[in-house]
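**Q** no sequence on hand, only this structure:
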């Protein structure tokens, strides 16, 4: 197994390593090892205030402190680097990032490119020309429902020092908005099951222009971008724009572009096609 790569997975916002369990099972059945990272303040490090339980006490939830306060992008990158250093002892590594996890993966590649044999962005943020927050003002994001998460936000992020979302809401309108944004092609039960793996808190640091992809470090790493064709939260037009910008930055090392059908979360709930795609990359 020395020459077989270890897949290292980096989750998105409000998610954790648990998101990748079905995908890791499929990869294991194909003979591949993997490790899913919990970024700082995620997984069993997450804060679940008592007021988040049922019956919920929203005023208390809005004021409860969270452990993720003060966590930075640099902290996230350091956590992934630690995992990659350990995985690298067993052979090549393939860093796979989803959604907001792409920001962390890019920062890791800027800092320690020698630890990564291939990067895979799965509908993940790959900031090149703009900071991530600025992409939201671009025409490609015009059809994204900005209120999908706003309806479930709890508390004042400036006061809490974090983003807090009530994923345990029973409000039909709020749940419908989240489903449209993340998982329109899942059943209601599948969607709610995934929603219950989310944690309420996320950190505020999405990086600056210093954390965008750099030609000298990030640039030479072999890279694959997996487009999610029905993604309503990072639309296909935005994914394609980031691919174009990355290829303009490093024209001698363009993305290997693949496409999976489905929404932002479909590939994690029905992971067999994604596992087969990732396994095929190991033969490159």
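**A** In hand now; what should we look at? Predicted model only: the values in this text are computed from it and were never measured. Residues are numbered from 1 along each chain as shown.
**Q** model confidence over stretch 156-173, on average?
**A** In this model, stretch 156-173 has an average pLDDT of 96.
**Q** contacts for that stretch, please.
**A** Defining contact as Cβ atoms under 8 Å, 6 or more residues apart in numbering, one finds that stretch 156-173 is touched by 13-14, 52, 54, 56, 58, 61-63, 65-66, 68-70, 149, 151-155, 175, 178, 195-196, 198, 200-204. In this view, the C-beta of every residue, glycine as well, is placed from N, C-alpha and C.
**Q** buried ones from those residues, can you make that a ChimeraX selection?
**A** Applying 16 or more other Cβ atoms under 10 Å to the contacts of stretch 156-173 leaves a buried subset, and the ChimeraX line that selects it is:
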select :13,14,52,56,61,62,63,66,68,149,151,152,154,155,175,178,195,198,200,201,202,203,204
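**Q** inside helices: which ones of the contacts of stretch 156-173?
**A** Here DSSP state H is the test, and those give 58, 61, 62, 63, 149, 175, 178, 195 as lying in helices.
**Q** and the closest residue to the second one other than its chain neighbours, what pLDDT?
**A** It stands for residue 61. Distances taken as Cβ to Cβ, 6 or more residues apart in numbering put residue 51 closest to residue 61, at 4.0 Å, once the chain neighbours are dropped. As predicted, residue 51 sits at a pLDDT of 97.
**Q** going forward, count from 20.
**A** With 20 as the first residue, the last one maps to residue 70.
**Q** now the strands for the stretch 20-169 of the chain?
**A** Per DSSP state E, counting those that start in this stretch, the stretch 20-169 of the chain carries strands over the ranges 25-29, 53-56, 112-118, 137-143.
**Q** hmm, I typed the wrong one, I wanted the stretch 170-303 of the chain.
**A** Taking DSSP E, counting those that start in this stretch as the test, the strands found in the stretch 170-303 of the chain are 182-183, 220-221, 242-247, 275-279.
**Q** pick the most deeply packed of those.
**A** Between the strands of the stretch 170-303 of the chain, the one whose residues have the most neighbours on average, counting mean count of other Cβ atoms under 10 Å, is strand 220-221 (a mean of 26).
**Q** so which elements touch that one?
**A** Taking 3 or more Cβ pairs under 8 Å, 6 or more residues apart in numbering; DSSP states H and E as the contact definition, the neighbouring helices and strands of strand 220-221 are strand 182-183.
**Q** paired strands for the strand it packs on, with orientation please.
**A** Listed by DSSP bridges, the sheet partners of strand 182-183 and their directions read strand 220-221 (antiparallel).
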